[in-house]
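Trainee: coords please:
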Amino acid sequence: MVWKVVLVKTQILETGYSKLNKGFTLLELLVVLLIIGIASSVILINTSSIENVTQSRASIERNFQIISEESILSGNILGWFPDNTSQKIFILDSDGNKDIEFISGSLNNNWKSISKNKMIIKGIDGDDIELKNDITEFPTIIFYPSGENSGAELHIESEEYIQLIKLHQNGKIENETKSK
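Mentor: Next comes the predicted model:
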């Protein structure tokens, strides 16, 4: 019988298993907590970048909705003149020339949220206009009192995503975001 006790003690020393100790070691718990922490931080980082994309999408869509609504409510034809840091809205005369500047603080606030990104506007004629420091000479998009517009596609390229905003001539706005 003595011999069997010695054999059991030897097995415990070699494997580290004992029927008296139940549960996890401190090292095992720390490893599990480390894995959970890394996984949650990756998820948190990804969701914050998604929230930024969603906010910029909403602000740009709202920007075009405001201009369209102002054109409908005022009964005037409005021209949109953007550059990479700001935008201007002008009431256009019957010949399509700038007549009076339409001032709205909320429009520039919406535009500043994306001003650091590369922006390209593709008109319905197929021309690509990259927005730079100068306001465009001719309106990039024209908004009519009927709720329609001249139509265009706005490509916004950031480090993490490419956003495509399509303004259809009937006033419908489509928004698509792709990761790089």
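Trainee: Might you list the low-confidence residue ranges for the chain?
Mentor: For the chain, the stretches flagged by pLDDT under 70 are 1-22, 44-58, 104-115, 136.
Trainee: What ranges does it have for its strands?
Mentor: Using DSSP state E, the strands of the chain run over residues 78-82, 87-92, 98-102, 118-123, 128-130, 141-143, 152-157, 161-167, 173-179.
Trainee: Run through the neighbouring helices and strands of the third one.
Mentor: Judged by 3 or more C-beta pairs under 8 Å, 6 or more residues apart in numbering; DSSP states H and E, the packing partners of strand 98-102 are strand 78-82, strand 87-92. In short, each C-beta sits where N, CA and C put it, glycine included.
Trainee: tell me the angle the longest one makes with strand 78-82.
Mentor: If you take axes from the mean of the first three to the mean of the last three C-alpha atoms, to 10 degrees, strand 87-92 sits at 150 degrees to strand 78-82.
Trainee: returning to what we had before: quick one: closest of the helices and strands packed on strand 98-102 to Tyr144.
Mentor: strand 78-82 (8.4 Å; C-beta to C-beta).
Trainee: rewinding a little: return the most buried member of the helices and strands packed on strand 98-102.
Mentor: By mean neighbour count, with neighbours taken as mean count of other C-beta atoms under 10 Å, strand 78-82 ranks first of those at a mean of 22.
Trainee: For that strand, C-alpha coordinates in PDB please.
Mentor: Extracted in PDB, the C-alpha atoms of strand 78-82 (Å, rounded to 0.1, in the frame of the first residue of the first chain):
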ATOM      1  CA  LEU A  78     -29.800  77.500 -57.200                       C
ATOM      2  CA  GLY A  79     -26.200  76.800 -58.300                       C
ATOM      3  CA  TRP A  80     -23.800  74.800 -56.200                       C
ATOM      4  CA  PHE A  81     -20.200  76.100 -56.400                       C
ATOM      5  CA  PRO A  82     -17.800  73.900 -54.200                       C
END
